[in-house]
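Peer 1: Take this sequence and fold it.
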Amino acid sequence: MEPRREVAREFGRNLFVLRKWARLTQEETALLAGLHRTEIGHLEHGFRVARIDTVVKVAGALVAPPASLLKGIEWKVGAARPGHFVFPDRDEG
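Peer 2: Got it, this is the predicted structure:
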């Protein structure tokens, strides 16, 4: 799968878990974050990659550190070629 899409999916999973933990609906989260109601759904389903300002807004709405939305998403630096994203929290099997 394309790395950008994988990043979006992992972010979406994190958003979903944090939103459920906060006991908020997608609409409530969007309202608190100052976003359109459909944006939360698009982010949760991995249809969009969040901009940094969106990450901060959503984290604020969820009363969570922005880093919690990026859990499991890392960049691996390449030696002789470009780096790539890794997802260490996932099974590699």
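Peer 1: Going by C-alpha atoms from here, please, whenever you check contacts or count neighbours.
Peer 2: Will do.
Peer 1: show me what contacts the most centrally placed residue in the chain?
Peer 2: Centroid-nearest residue in the chain: F11, 2.1 Å away (criterion: C-alpha atoms, centre = their mean). Applying C-alpha atoms under 8 Å, 6 or more residues apart in numbering to F11 gives the contacts 43-44, 46, 69-71, 73.
Peer 1: Doesn't it belong to a helix?
Peer 2: Yes: assessed with DSSP: H, G, I helix; E, B strand; the rest coil, F11 lies in a helix.
Peer 1: Phi, psi for F85 please.
Peer 2: phi -80, psi 150 (degrees, to the nearest 10).
Peer 1: how much space between it and V56?
Peer 2: Per C-alpha to C-alpha, to the nearest Å, F85 is found 21 Å from V56.
Peer 1: Please identify which of these two sits among more neighbours.
Peer 2: V56 (18 against 15; other C-alpha atoms under 10 Å).
Peer 1: what residues are up against that one?
Peer 2: By C-alpha under 8 Å, 6+ apart, the residues touching V56 are P66.
Peer 1: Using PDB, write out every CA atom in stretch 23-33.
Peer 2: Extracted in PDB, the C-alpha atoms of stretch 23-33 (Å, rounded to 0.1, in the frame of the first residue of the first chain):
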ATOM      1  CA  ARG A  23     -16.800   9.600  24.500                       C
ATOM      2  CA  LEU A  24     -17.400  12.100  21.700                       C
ATOM      3  CA  THR A  25     -19.200  11.700  18.400                       C
ATOM      4  CA  GLN A  26     -17.600  12.600  15.200                       C
ATOM      5  CA  GLU A  27     -19.800  15.700  15.000                       C
ATOM      6  CA  GLU A  28     -19.000  16.800  18.600                       C
ATOM      7  CA  THR A  29     -15.300  16.300  17.900                       C
ATOM      8  CA  ALA A  30     -15.500  18.400  14.700                       C
ATOM      9  CA  LEU A  31     -17.400  21.200  16.500                       C
ATOM     10  CA  LEU A  32     -14.800  21.300  19.300                       C
ATOM     11  CA  ALA A  33     -12.000  21.300  16.800                       C
END
